[in-house]
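Novice: need a 3D model of the following:
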Amino acid sequence: MKATWLGLAAGFLTSIAVIPQVVSTWRIKHARDISIWQPLILIAGMLLWFCYGLLLGDLPLIAANSFSIACYLLLLVMKIVYDRRAQ
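Specialist: Numbers count the residues shown, from 1 in each chain. Presented below is the predicted three-dimensional model:
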């Protein structure tokens, strides 16, 4: 049980790390300083961790990665939309 709480705490902290970038990108309405590859590679890795968590039935892996995937997908969409508007 202690391991689950430790995993949830770690997942929470690493998952919320992207929120300042998402908020900043939303506010300034541009993402030209963000590489397209960073969120793409992170999403691919987090999808693998999510699948691994599903196979193990590991709540911390499932919860943290599903939230992070959603945030990075949002960041990726903003990157694409804002970069197209800037052209």
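Novice: could you give the mean pLDDT of the helix or strand S24 falls within?
Specialist: Using DSSP states H and E, S24 maps to helix 19-28. The average pLDDT for helix 19-28 rounds to 95.
Novice: before we move on, what about stretch 78-87?
Specialist: 90.
Novice: now it: buried residues?
Specialist: For stretch 78-87, a neighbour-count test (16 or more other CB atoms under 10 Å) marks M78, K79, Y82 as buried. Backbone N, C-alpha and C define where each C-beta goes, glycine included.
Novice: the last one touches T25, doesn't it?
Specialist: Yes: applying CB atoms under 8 Å as the test, Y82 and T25 come out as touching, 7.4 Å apart.
Novice: how far away is the residue at minimal distance from the centre of the chain from A31?
Specialist: The centroid of the chain falls nearest to S68 when counting by CA atoms, centre = their mean (3.0 Å). Using CB to CB, to the nearest Å, S68 is found at 18 Å from A31.
Novice: flag every buried residue along the worst-scoring helix or strand of the chain on mean pLDDT.
Specialist: Sorting the helices and strands of the chain by mean pLDDT, DSSP states H and E puts helix 2-16 at the bottom, at a mean of 89. Residues G7, G11, S15 are the ones in helix 2-16 that count as buried (16+ other CB under 10 Å).
Novice: ok, now stretch 32-43?
Specialist: I34, P39, L42, I43.
Novice: export these to JSON lines and tack on pLDDT and secondary structure?
Specialist: Formatted as JSON lines, these follow (pLDDT from 0 to 100; DSSP: H, G, I helix; E, B strand; the rest coil):
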{"residue": "I34", "pLDDT": "90", "secondary structure": "coil"}
{"residue": "P39", "pLDDT": "91", "secondary structure": "helix"}
{"residue": "L42", "pLDDT": "93", "secondary structure": "helix"}
{"residue": "I43", "pLDDT": "95", "secondary structure": "helix"}
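Novice: related to what we said a few turns ago, including secondary structure and distance to L56, could the buried residues of stretch 78-87 go into TSV?
Specialist: As requested, the buried residues of stretch 78-87 are exported to TSV (DSSP: H, G, I helix; E, B strand; the rest coil; distance: CB to CB, whole Å):
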residue	secondary structure	distance to L56
M78	helix	32
K79	helix	32
Y82	helix	37
